[in-house]
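In: Predicted model and sequence below, questions to follow.
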Amino acid sequence: LYDAGIRIVTPLWKGETCIGGSHNTSVGLSDFGKRTAKEMLAHGMILDISHASLQSSEDIFELSAASQMPVIASHSNAFGVCPVSRNLQDWQIDAIVASGGVIGINLYRYFLEEDGNATLNSILRHIEYFLSRNAEKALALGCDMDGADLPCDIPDLSYLYRLAEHLSAHGYSQDFINDLFFENAYRFAKKHF
């Protein structure tokens, strides 16, 4: 996979697999999963905890720290705002920030609001929560636009500019908006790829 150009791996998605437990389980990485993760890290690949269980996340953080590699959550939101299993607990947010990783804001309606009634204000609440955890330079967009139900304000990619306008209207600087939309992810990629 590394030779084919893969640099980021999301090793889990749903349920329990030969790799380990996904977000809807309480299982950690299997022995095979740990060996696989170590091999990927040894090749310089970065692990993504977006679909990992809490225990699998803990295992990934431990293995990544031992390899001095960052951890990312490519498309996850804040559990403190919307308590669903796919969103990040505070300790996960803090660990990603400490590792030098990135967190991609997910636009799936049910990860923004439990009832699915998500708007631009819902996205803003998640962003502000991440900022309260010192994640300003870790935040990016991980929109999850490949089939997810999106907020009414952003029905498809062509409406993403509305988020930039909404942030600007709420006093966020153009530098912050640029970081969120591009610069933070670009800096991360330049450093690690």
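Out: That came in fine, so what should we check first? Residues are numbered from 1 along each chain as shown.
In: list the contacts for the residue nearest the centre of the chain?
Out: Taking Cα atoms, centre = their mean as the criterion, A73 is the residue nearest the geometric centre of the chain, at 2.4 Å. Applying Cβ atoms under 8 Å, 6 or more residues apart in numbering, we find A73 in contact with D48, I49, S50, L88, Q92, I96, G101, V102, I103, G104, G142. In this view, the C-beta of every residue, glycine as well, is placed from N, C-alpha and C.
In: excluding its backbone neighbours, what's nearest the fifth one?
Out: Just to be clear, that refers to Q92. Leaving aside its chain neighbours, Q92 sits nearest to S57 (5.7 Å; criterion: Cβ to Cβ, 6 or more residues apart in numbering).
In: that's a helix at the one you found, yeah?
Out: Yes - judged by DSSP: H, G, I helix; E, B strand; the rest coil, S57 forms part of a helix.
In: any idea how far F130 is from it?
Out: Here the criterion is Cβ to Cβ, to the nearest Å. By it, S57 lies 16 Å from F130.
In: One more: K38?
Out: 29 Å.
In: Could you do P151 as well?
Out: 17 Å.
In: just A148 next, same as before
Out: On the measure of Cβ to Cβ, A148 and F130 end up 19 Å apart.
In: Compare those two (neighbour count), which wins?
Out: F130 (24 against 14; other Cβ atoms under 10 Å).
In: if you skip the residues just before and after it, what's nearest to the more buried one?
Out: L139 is the one closest to F130 (Cβ to Cβ, 6+ apart), at 5.6 Å.
In: Next, the contact list for that neighbour, please.
Out: Neighbours of L139 in contact, by Cβ under 8 Å, 6+ apart: V102, I103, I105, I127, F130, L131, D179, L180, N184.
In: Can you select the buried ones from the residues you listed in PyMOL?
Out: Of those, the buried ones can be selected in PyMOL as follows, counting by 16 or more other Cβ atoms under 10 Å:
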select buried, resi 102+103+105+127+130+179+180+184
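In: So which of the contacts of L139 sit within strands?
Out: The strands, defined by DSSP state E, take in I103, I105 from the contacts of L139.
In: Among the contacts of L139, which one lies nearest to P83?
Out: F130 (15.3 Å; Cβ to Cβ).
In: Surely I96 touches V71?
Out: Yes - contact criterion Cβ atoms under 8 Å: I96 and V71 qualify, at 5.5 Å.
In: hey, what's in contact with both of these two?
Out: Common neighbours of I96 and V71 (Cβ under 8 Å, 6+ apart) are I49.
In: Tell me the pLDDT of A148.
Out: With respect to pLDDT, A148 has a value of 88.
In: residue contacts, it?
Out: N106, L107, Y108, R109.
In: Columns pLDDT and secondary structure on top of those residues, output as JSON lines?
Out: Output for these, formatted as JSON lines (pLDDT from 0 to 100; DSSP: H, G, I helix; E, B strand; the rest coil):
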{"residue": "N106", "pLDDT": "97", "secondary structure": "coil"}
{"residue": "L107", "pLDDT": "97", "secondary structure": "coil"}
{"residue": "Y108", "pLDDT": "97", "secondary structure": "coil"}
{"residue": "R109", "pLDDT": "97", "secondary structure": "helix"}
